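Q: Here is a sequence with its predicted model. Questions after.
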Amino acid sequence: MENKHDNTTVSVQEIRALLKEVNDPEVPVLSVLDLGIVRDIRIDGGTVEVIITPTYSGCPAMDMIRTEIKAVLELHGYKDARITTVLSPAWTTEWMSQEGKDKLRAYGIAPPTPLQQVCHTKLFHREEAIQCPHCHSYHTSLISEFGSTACKALYRCEDCKEPFDYFKCH
């Protein structure tokens, strides 16, 4: 079946709006746009190509994300859409939208902090207190470098006693 759209009606803005419907299967409150893994959208003669970068090179969610992006585009008539994965430059939490970070906090996951992002990119690590997404206390402690997924660490709030994931910077 041919695309229902031609090059005069396809816009990057329309494709971006459709991609807001595609959520990360591991953190379902985040769209692929919030997460910052959509690196580019190209349109050539009505054919759409979405370029994505995984949060980790071995991220198990990427197959599902590619499938979901393709399905949403096909549902809206983009039958020949291509999903291309690029590994360089490597994804960084700096690519996450502020809205996505706010959604993480509301969902109970501490978002990456600005200082940790800067420290990571400059190849040194400086500990910064991680704010509890439940009670907003900075009196927290690391339980494990690995949380519910590889991209998260497990923390515990010493005030409200609740465990929580922290979306690690990288």
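A: All right, it came through fine.
Q: Need the nearest residue in space to the most centrally placed residue in the chain, chain neighbours excluded.
A: Note on the chain: the residue nearest the mean C-alpha position is Leu35, at 2.1 Å, using Cα atoms, centre = their mean. Distances taken as Cβ to Cβ, 6 or more residues apart in numbering put Asp24 closest to Leu35, at 5.5 Å, once the chain neighbours are dropped. All C-beta spots, glycine's among them, are computed from the backbone N, C-alpha and C.
Q: same check, this time on Lys70
A: Ile83 (5.7 Å).
Q: Which strand residues bridge the one you found?
A: Val50 (DSSP bridges).
Q: Next, Leu104: secondary structure please.
A: Under DSSP: H, G, I helix; E, B strand; the rest coil, Leu104 falls in the helix class.
Q: give me the number of residues near the residue nearest to Lys70?
A: When counting by other Cβ atoms under 10 Å, one arrives at 17 neighbours for Ile83.
Q: And Ser11, by the same measure?
A: Neighbour tally, Ser11, other Cβ under 10 Å: 12.
Q: The residue nearest to it when sequence neighbours are not counted pairs with what?
A: If the residues on either side of it in the chain are set aside, Ser11 comes closest to Ile43, at 7.6 Å by Cβ to Cβ, 6+ apart. With DSSP bridges as the criterion, Ile43 is bridged to Val48.
Q: Flag every buried residue along the longest helix along the chain.
A: Longest helix in the chain by number of residues (criterion: DSSP state H): helix 62-75. Buried residues in helix 62-75, counted by 16 or more other Cβ atoms under 10 Å: Met62, Ile65, Arg66, Glu68, Ile69, Lys70, Val72, Leu73.
Q: Worst mean pLDDT across the helices and strands of the protein, which element?
A: helix 114-121 (a mean of 50; mean pLDDT, DSSP states H and E).
Q: average pLDDT across the helix or strand just after that one?
A: Heading C-terminal from helix 114-121, the first helix or strand you meet, by DSSP states H and E, is strand 140-144. Computed over strand 140-144, the mean pLDDT rounds to 94.
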